[in-house]
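Structural data only, the sequence is not supplied:
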């Protein structure tokens, strides 16, 4: 029901209705900021990215084709922004490493040494951030935002089977990375 | 150490702290939208000007380069012609010098003791006289 309402609001945004835009923004800003925070692991940057997502939504509202899939459309914009930012960052890091003549490899800290001082939640955040975006994004949408496989597939423009396998691989990787810090209780 | 199972991971993920947008979020977006709307006409103008500059550059640039190359070729050709002219002038001067050094006489033959020559300079001076004055010349 909500997605239909969203689509109606977006149709009003397409004709320049600022109030409809504000309403859409207020409905989705918190969840979008949370999604982006998990993806980029930077509170301030995720807020900036979320703002850019809404700006893009407003400026390119005419590109939206109504199929009752507003949320996947919104999150696709967000995921593409993160992808583009990460690509730029990787390019910069590559150049930096090339000029600094370093290999950029960081030695992992000893789990035994940090076990007592670092919370599992923090480790979880780091482990998610270390996942490739193609795993990170569907995992976050499914496990944290509670989306259906169908909507995730729609947002990420891939098949449901691909979404499932990526989430499975992401969970495997997370378990491997978190196990050294796992004491048997959540 | 206990093994982490699927359920544990799901619980962990579900317990992750949720972040929310700051209270000023919507105002900032609307502010950026207004700012963009104010800037847009000017930025479009700049974009159009930049496109025009690029097009003119692409159009005029090769023509300018071609003209420069042609001028350079012309200048090189002119310089070659000047050098050739100077060389010819030098050659002509040398020939003139050689000609001025030559004795204006006509050798008619002679014996072991004497050569018979006609001094041609005498011809010009005594205009009206049809015959040249023969003169002698000591053999070389």
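All right, it came through fine. Everything numeric in this text was worked out from a predicted model, so none of it was measured.

Kindly report the residues of chain B close to chain A.
B:1-4, B:6, B:8-22, B:25-26, B:28-30, B:32-33, B:36 (Cβ under 8 Å from any Cβ of the partner chain). Any C-beta I mention is one placed from the backbone N, CA and C, and that applies to glycine too.

Tell me which of those residues fall in helices.
In this view, the residues of chain B next to chain A that belong to helices under DSSP state H are B:6, B:8-14, B:25-26, B:28-30, B:32-33, B:36.

just the buried members of these?
Neighbour counting with 16 or more other Cβ atoms under 10 Å in any protein chain shown marks B:8-9, B:12-13, B:25-26, B:28-30, B:33 as buried within these.

hmm, back to that, using pLDDT, spot the least trustworthy of the ones in helices among the residues of chain B next to chain A.
pLDDT across these is lowest for residue B:36, at 77.

Tell me which residue lies nearest the centroid of chain B.
Nearest to the mean C-alpha position of chain B, by Cα atoms, centre = their mean, lies residue B:72 at 3.8 Å.

and the longest helix along chain A, what does it pack onto?
Longest helix in chain A by number of residues, with DSSP H as the criterion: helix A:70-100. Where contact means 3 or more Cβ pairs under 8 Å, 6 or more residues apart in numbering or on different chains; DSSP states H and E, helix A:70-100 is packed against helix A:2-14, helix A:18-40, helix A:43-59, helix A:133-139, helix A:149-156.

So, low pLDDT: which residues of the chain?
No chain in the question, so chain A it is. Scanning chain A for pLDDT under 70 picks out A:1-4, A:66, A:98-119, A:184-186.

wrong one, I was asking about chain B
In the predicted model, chain B carries pLDDT under 70 at residues B:1-2, B:40-42, B:124-140.

Tell me where it has helices.
Counting by DSSP H, chain B has helices at residues B:6-14, B:25-101, B:121-125.

what's the most buried one of those?
Highest mean neighbour count of the helices of chain B: helix B:6-14, a mean of 15 (counted as mean count of other Cβ atoms under 10 Å in any protein chain shown).

That one vs helix A:18-40, what angle?
130 degrees (axes from the mean of the first three to the mean of the last three Cα atoms, to 10 degrees).
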